[in-house]
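Asks: dropping a prediction and its sequence here:
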Amino acid sequence: MRIVHWLTALATTASVMLAAPVMAQSYPNKPIRLIVPFGAGSGSDILARILAEPLGQALGQPIVVENKPGNNTTLGTELVVSSPPDGYTIGLLTNSGLVASPAGLTSGVRYDPAKDLSYISMVASVSYVWLVNNDVKATTAAELVKLLKASPGKFNYASGNTGGIAYGGYIKNAYQLDVTHVPYKSVPPGLADLISGHVQIMVADIPASLGMIRGGKVRAVGMTTAQRNSLLPDVATFSEQGLPTPPDMSGWWCAVAPAGTPSDILDRLNRELVKILETESVRAKLLQNGIVPTPSTRPQAVQYQKDQFLVWQGIVKDLNLKVD
């Protein structure tokens, strides 16, 4: 009997030791959700759909993009945080939900991005441009500042993400402009109202607004970055127009999973995602849409979130930014 018990125990131990590698090798065995905290047509949505197909092919399972906009991306971020840590829910999250909102930009944040998420890789970054409705009598950022100063209380500006909120707030505060902020859940509906004239001004990311600019539906009056953007070579920077360059509040994306997701799964996702982001065809497609790929290691992604959290704490405080 003792020999039987010993053999049974040995067999049980062996099965447990073999289970982990077998489970790792079997991942994934069903579709994976990719949570995007912005609506369809946004820069986040464009990025997600460019990556979904090659990532699905690499993993052997479909990547199902789910758009979950709301509360300055905290709704989508909370969905990732509360999902099972099994590798079947990934978030393509941004500085909005990972640093700006937790740093005080948005009220009622119920998660800690440093503790409640596992970081897979940095993904990409994006720049912003100042836009106006075509009926606005200004063709440059400098002209727009003069127009707004001469017409206090007569104009409003839209935002559809953290970059729009931050840059819009900076411009308003820096030049002491009397303009009304109209926040949107995502950039596309804000652009739609900009085109129709319901709002007159907007700071938007290049991926979401590039088609509208090139199609002549809105007018770009100034790049918020220190250098011109190769996709919009005719749009002058603030400094070229005699205006101070705004602080760097460019947007970025990071791939994350719920805290507690097994390391072997996170490592697999990192390898595949980095490989895809370094593929020339994918890089070219992203750059054509104004998205700059920025793949990283897992520790680099963790450190970047920590560093950026401190940066955005300062930005939120200095610009007195708040989204309720």
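Replies: It's in. Numbers count the residues shown, from 1 in each chain.
Asks: ok, then the element right after the top strand by length along the chain?
Replies: Counting by DSSP state E, the longest strand found in the chain is strand 117-126. Of the helices and strands lying after strand 117-126 in sequence (DSSP states H and E), the nearest is strand 128-133.
Asks: how about the contacts made by residue 71?
Replies: 101, 106, 108 (C-beta atoms under 8 Å, 6 or more residues apart in numbering). Placement of C-beta: from N, CA and C, glycine included.
Asks: just the buried ones from those?
Replies: In those, burial by neighbour count holds for 101, 106, counting by 16 or more other C-beta atoms under 10 Å.
Asks: in CSV, list the contacts of residue 71 along with secondary structure and distance to residue 131.
Replies: Formatted as CSV, the contacts of residue 71 follow (DSSP: H, G, I helix; E, B strand; the rest coil; distance: C-beta to C-beta, whole Å):
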residue, secondary structure, distance to residue 131
101, helix, 24
106, strand, 23
108, coil, 30
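Asks: partner residues bridging the residue nearest in space to the middle of the chain?
Replies: By C-alpha atoms, centre = their mean, the chain has its centre lying nearest to residue 94, at 2.9 Å. On the basis of DSSP bridges, residue 94 is bridged to residue 253.
Asks: given the longest strand of the chain, what are its sheet partners and their directions?
Replies: Sheet pairing for strand 117-126, using DSSP bridges, gives strand 251-258 (antiparallel), strand 291-293 (antiparallel).
Asks: so residue 119 touches residue 297, yeah?
Replies: No. The pair residue 119 / residue 297 is not scored as a contact, 9.6 Å apart, by C-beta atoms under 8 Å.
Asks: more crowded one of these two?
Replies: Taking other C-beta atoms under 10 Å, residue 119 and residue 297 do not tie; residue 119 has more neighbours (26 against 14).
Asks: quick revisit: most packed of the strands paired with strand 117-126?
Replies: strand 251-258 (a mean of 25; mean count of other C-beta atoms under 10 Å).
Asks: tell me what angle that strand forms with strand 128-133.
Replies: 110 degrees (axes from the mean of the first three to the mean of the last three C-alpha atoms, to 10 degrees).
Asks: quick one: name whatever helix or strand follows strand 251-258.
Replies: Next along from strand 251-258, by DSSP H and E: helix 263-277.
Asks: packing partners of that next one?
Replies: In terms of contacts (3 or more C-beta pairs under 8 Å, 6 or more residues apart in numbering; DSSP states H and E), helix 263-277 is packed against helix 2-26, helix 43-59, strand 117-126, strand 251-258, helix 280-288, helix 298-318.
Asks: closest one to residue 230 among the ones you listed?
Replies: Nearest to residue 230, of all the helices and strands packed on helix 263-277, is helix 280-288, at 8.4 Å by C-beta to C-beta.
Asks: quick one: work out the angle between that closest one and helix 43-59.
Replies: Using the same axes, to 10 degrees: helix 280-288 against helix 43-59 is 170 degrees.
Asks: which residues sit against helix 280-288?
Replies: Contacts of helix 280-288 (C-beta under 8 Å, 6+ apart): 47, 50, 51, 54, 124, 231, 276, 277, 292, 293.
Asks: just the CA coordinates of it, formatted as CSV?
Replies: What follows is helix 280-288, C-alpha atoms only, in CSV (Å, rounded to 0.1, in the frame of the first residue of the first chain):
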residue,chain,number,x,y,z
GLU,A,280,9.0,47.3,-42.2
SER,A,281,5.5,47.0,-43.7
VAL,A,282,3.8,47.7,-40.4
ARG,A,283,6.2,50.6,-39.6
ALA,A,284,5.5,52.1,-42.9
LYS,A,285,1.7,51.9,-42.5
LEU,A,286,1.9,53.4,-39.0
LEU,A,287,4.1,56.3,-40.1
GLN,A,288,1.8,57.0,-43.0
